[in-house]
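Novice: I would like the atomic coordinates for the input below:
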Amino acid sequence: MNVTQPIRILKALGLAIALVVLSGCASVYLVDNQVQSFARWADQPGVKPGTPVTIPQAPQIYRFDRLPSQREGKVAAGQDELENLATLALAKVGWTRAAAGTSSPWTVQVDASTLRLPRAPWESPYNGYWGGYWGPGFGYGMPGRDYVVTGRGQVIWMPMYPPMMMESPYYKRELALVIRHAASGKVVYETRAAHDGRWNSTNGLWSAMLDAALRDFPAPPEGLRQVNIEVPR
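Specialist: The predicted structure is shown next:
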């Protein structure tokens with residue numbers, strides 16, 4: 001037998017295995033999230049210090065509440081879509097959106113932002129400029145700028161280099177969901193999820209971040225934790 005023949009067979013076998021693995025992974029992608037949640041159900045009005053905390057069990061009714069900056073123009077349209085996704089995520093934990101004109105014991109505020117970078121943070125800035133843009137909701141990048149205008153109006157200078165090759169954008173996303181006692185306005189639950197990667201903005205990605213943020217609701221563990229969600233392609 002030719003000495004190189006077993007080597008060819010092994011290479012062919014390895015290639016076949018790799019193709020099988022890749023084909024199996026191609027149907028989903030992983031959204032890895034850094035999540036931190038804070039439950040403060042004891043802060044409800046009428047709860048005396050030392051009283052055992054009563055965590056509201058499903059089903060519960062809520063309505064969305066918005067900041068003034070979330071109520072106008074394109075931001076409002078993006079907020080509509082984000083709240084629709086949050087409605088589906090909250091339904092999974094037994095919380096239902098109140099019908100129009102109906103009172104509810106809880107309010108929910110949801111916010112999302114995107115920072116678009118021309119490349120991953122560990123890639124060389126000399127392959128192009130280094131900059132980015134934080135935007136509300138589903139956010140868009142602002143290529144060619146040497147500064148960043150944040151969602152809160154702050155201006156941050158960033159160096160810019162002449163592009164030398166095609167960009168491969170990298171995104172940093174954050175999502176926050178806050179639940180308040182409707183009558184008093186007191187915050188009783190806060191949860192945040194952060195994800196970064198090369199995936200473009202899709203409803204599936206934001207839904208995964210919402211599901212991650214609501215993992216272990218309404219009694220989450222303390223501290224920062226990683227929550228991975230698989231999303232169909």
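
Novice: hang on, Pro56 is in a helix, isn't it?
Specialist: No. Pro56 is assigned coil when assessed by DSSP: H, G, I helix; E, B strand; the rest coil, not a helix.

Novice: Who are the contact partners of the residue most central in space within the chain?
Specialist: The geometric centre of the chain, computed from its C-alpha atoms, lies nearest to Met209 (C-alpha atoms, centre = their mean), at 3.7 Å. Met209 is in contact with 31, 33, 112, 173, 175, 193, 195, 229, counting by C-beta atoms under 8 Å, 6 or more residues apart in numbering. C-beta coordinates here come from the backbone N, C-alpha and C atoms, glycine included.

Novice: Show the backbone phi and psi for it.
Specialist: phi -70, psi -40 (degrees, to the nearest 10).

Novice: returning to what we had before: in the contacts of Met209, find the pair that's most separated.
Specialist: In those, two members sit farther apart than any others by C-beta to C-beta. They are Ala112 and Ile229, at 15.4 Å.

Novice: What's the local residue count around the closest residue to Gln34 other than its chain neighbours?
Specialist: Once flanking residues are discounted, Gln34 sits nearest to Ala194: 4.7 Å by C-beta to C-beta, 6 or more residues apart in numbering. Residues lying near Ala194 (other C-beta atoms under 10 Å) number 18.

Novice: now do Ala98
Specialist: Residues contacting Ala98 under the criterion other C-beta under 10 Å number 16.

Novice: per-residue pLDDT, it?
Specialist: pLDDT recorded at Ala98 is 97.

Novice: ok, and what's touching the host helix or strand of Ser37?
Specialist: Following DSSP states H and E, one finds Ser37 within strand 28-39. Here strand 28-39 makes contact (C-beta under 8 Å, 6+ apart) with 55, 188-195, 197, 199, 205, 208-209, 212-213, 215-220, 223-233.

Novice: what do you get for stretch 211-220?
Specialist: The contact list for stretch 211-220, computed with C-beta under 8 Å, 6+ apart, reads 31, 33, 35, 37-39, 41, 55-56, 89-90, 92-93, 175-177, 189, 191-193, 195, 227-229.

Novice: One more pass at 6 Å, please.
Specialist: Here stretch 211-220 makes contact (C-beta atoms under 6 Å, 6 or more residues apart in numbering) with 33, 35, 37, 55, 89, 93, 175, 177, 191, 193, 227, 229.

Novice: Please tell me how far the third one sits from Ala176.
Specialist: Read that as Ser37. 11 Å (C-beta to C-beta, to the nearest Å).

Novice: The two: which is more packed in?
Specialist: Ser37 (23 against 15).
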